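>>> sequence first, predicted model second:
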Amino acid sequence: MQQAAIQRCVEMLTGARRDRQPLAELPADIRPADLAEGYVVQDVLLAVQNAKACGYKIAATSAIAQTLLGVDGPFFGRLLEDAYHDSPAHLPADRFLFRLIEPEFAFILAEDLPPRGADYSSDEVSQAVASLHPAFEIVSSSFGRDWTKRGAPSLAADNAVHGAFVLGLGTVDWRHLDLANLEVRLTVDGEAFSSGRGEAVLGHPLRALTWLANDLTRRGRGLQAGETVTTGLVTAKFALLEAGQGCRADFGPLGEVTLAFE
């Protein structure tokens, strides 16, 4: 992409969220053609916004999400410090163009996983983890509620449609748990809404984290100690919440995460 196209793309994406005026789509002449171009726009977007990243979100790790978005694999965005909230969280609804809630497993790293010439194994990635947490990602997008039709390159440019995230208390004693079969139950306003198991995210949450470590290393990037990584939608469906609504995700032995919009 030419620099002028990148700049115009960033201006449109930034303006849509700032002015609460969702884009139908990016014009064809400035639209990222592939994920590599989408990530270039993402980097410039965060730099222009002076946003400080504190980790990564992995999008489209479940078959449900991939079908919804029309993609055949995951892509990533950055978690931002000013969008980080501890559970229980109470957030203003009007901060977001919309509020789509995804229960997710989230890892915090204890060690760096720098770029290198060979892929990381799951064991290596596991040993780099400090703690595992129940979490919510709040998906919100410059494309409004039609975001699912925009394609992975445009979504990556929009920081993988990241709005905010809520982190529950973590545990360091997680490696003995059968995460693939661990059930997560989502309730909205106290009523059962959806459920799923850890196997939804690329077969296992740790496999999703390993995918990210290796995708980043192939791009000359790496993960750093202290960063948080959310691994994608684990329940059979997401929840679209309005002002005045709240939700809770029960991760069994991992605890719970709660969120309400005001």
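Yes, it's here. What you see is a predicted model; the values in this text were computed from it and never measured.
>>> phi, psi of R95?
Phi and psi for R95, reported as degrees, to the nearest 10, are phi -70, psi -20.
>>> how many other residues sit next to it?
Using other Cβ atoms under 10 Å, R95 is surrounded by 16 other residues. Just so you know, the C-beta spots here come from the backbone N, C-alpha and C atoms, and that holds for glycine as well.
>>> what of V188?
For V188, using other Cβ under 10 Å, the count is 16.
>>> right, and it touches G244 too?
No - in this structure, V188 is not within contact of G244 by Cβ atoms under 8 Å, at 11.6 Å.
>>> show the contacting residues for the residue nearest the centre of the chain.
Central residue of the chain (Cα atoms, centre = their mean): K57, 3.1 Å from the mean position. By Cβ atoms under 8 Å, 6 or more residues apart in numbering, the contact set of K57 is 76-79, 137, 160, 162, 165, 229-230, 232.
>>> can we see that at 10 Å?
75-80, 102, 104, 106, 135, 137, 139, 159-162, 165, 212, 228-232 (Cβ atoms under 10 Å, 6 or more residues apart in numbering).
>>> what is the strand or helix carrying A249 packed up against?
Assigned by DSSP states H and E, A249 belongs to strand 246-250. On a contact count with 3 or more Cβ pairs under 10 Å, 6 or more residues apart in numbering; DSSP states H and E, strand 246-250 meets strand 100-109, strand 129-139, strand 183-188, strand 191-197, strand 256-261.
>>> looking at those strands, which is buried most?
Burial of these is given as mean neighbour count (mean count of other Cβ atoms under 10 Å); strand 100-109 ranks first at a mean of 25.
>>> what's the spacing between the next helix-or-strand element following that strand and its chain's center?
The helix or strand immediately downstream of strand 100-109 is helix 122-127, counting by DSSP H and E. The chain centroid and the centroid of helix 122-127 are separated by 21 Å under Cα atoms, centre = their mean, to the nearest Å.
>>> can I get the CA coordinates of helix 122-127 in CSV?
Extracted C-alpha coordinates of helix 122-127, given in CSV (Å, rounded to 0.1, in the frame of the first residue of the first chain):
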residue,chain,number,x,y,z
SER,A,122,3.4,-26.0,22.7
ASP,A,123,5.6,-27.1,25.6
GLU,A,124,7.9,-24.1,25.1
VAL,A,125,4.9,-21.7,24.9
SER,A,126,3.3,-23.3,28.0
GLN,A,127,6.5,-22.8,30.0
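>>> SS state for the residue nearest to the centre of the chain?
strand (DSSP: H, G, I helix; E, B strand; the rest coil).
>>> separation between it and A65?
12 Å (Cβ to Cβ, to the nearest Å).
>>> what sits in contact with each of the two?
With Cβ under 10 Å, 6+ apart, K57 and A65 have common neighbours 102, 232.
>>> wait, what's in contact with A130?
107-111, 170, 172, 225-226, 228.
>>> against A89, how distant is it?
Applying Cβ to Cβ to A130 and A89 gives a distance of 22 Å.
>>> send the alpha carbons of the helix or strand harbouring A156 over as CSV?
Using DSSP H and E, A156 falls within helix 152-157. The C-alpha atoms that make up helix 152-157 are tabulated as CSV, following Å, rounded to 0.1, in the frame of the first residue of the first chain:
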residue,chain,number,x,y,z
ALA,A,152,-10.0,-10.3,7.4
PRO,A,153,-7.7,-7.6,5.9
SER,A,154,-10.1,-4.7,6.6
LEU,A,155,-10.9,-6.2,10.1
ALA,A,156,-7.2,-6.5,10.8
ALA,A,157,-6.7,-2.9,9.8
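>>> pull out the buried residues from that helix.
152-157 (16 or more other Cβ atoms under 10 Å).
>>> show the average pLDDT along that helix.
Mean pLDDT, helix 152-157: 97.
>>> right, and V44 touches A51 too?
No - taking Cβ atoms under 10 Å as the definition, V44 is not a contact partner of A51, at 11.2 Å.
>>> top helix in the chain by residue count?
helix 3-19 (DSSP state H).
>>> so what's H90 closest to, chain neighbours aside?
Among residues not flanking H90 along the chain, A260 sits closest, at 5.1 Å (Cβ to Cβ, 6 or more residues apart in numbering).
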